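S.K.: Sequence first, then the predicted structure, then my questions.
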Amino acid sequence: MASIFIARLTYKVPLARIDEALVDHLAFLKAGQAAGHFIAWGPCEPRDSGLVFIKTTSRAAAEALMAGDPFIAQGLADMTITEWTPRFAFPGLEAFNG
């Protein structure tokens, strides 16, 4: 059964460098969404980090998926992963149900 993991990417470089890698980062996320793994993502405010919601079988699988993110692969961000057990998802957010 799939679980939900939240990857927090905390930027280690100036935003100008993040913006340079943004096209590749978004392509990576869209490919992960097409494969059924990434169900939501976006930047935090202030813009010092971002979140990726991942649906997969284990923390190790989530870490392996995120290792291919250009922000991680290029050393632009640190990553923490938290497992999350949703107890309720608003109608329309059924993808968050494990």
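M.R.: Sure, I can see it.
S.K.: Burial check on the closest residue in space to residue 84 that isn't next to it in sequence, number of neighbours?
M.R.: The shortest distance from residue 84 to any residue other than its chain neighbours is 4.7 Å, reached at residue 4 (CB to CB, 6 or more residues apart in numbering). Where C-beta positions appear, they are placed from N, C-alpha and C, glycine not excepted. Each residue near residue 4 was counted by other CB atoms under 10 Å, and the total is 21.
S.K.: what are the ranges of the strands in the protein?
M.R.: In chain order, the chain shows strands spanning 3-11, 38-43, 49-56, 77-84, with DSSP state E as the criterion.
S.K.: unless I'm mixing things up, residue 76 is touching residue 13, no?
M.R.: Yes - if you go by CB atoms under 8 Å, residue 76 and residue 13 touch, sitting 5.1 Å apart.
S.K.: wait, doesn't the residue nearest to residue 84 sit right on residue 57?
M.R.: No - using CB under 8 Å, residue 4 is not in contact with residue 57; the gap is 11.2 Å.
S.K.: State the pLDDT value of residue 98.
M.R.: Confidence at residue 98, expressed as pLDDT, is 59.
S.K.: where does the protein dip in pLDDT?
M.R.: The chain contains residues with pLDDT under 70 at 1, 98.
S.K.: need the longest helix for it.
M.R.: helix 15-34 (DSSP state H).
S.K.: circling back: nearest to residue 63 among the strands of the chain would be which one?
M.R.: Nearest to residue 63 among the strands of the chain is strand 77-84 (6.1 Å), distances taken as CB to CB.
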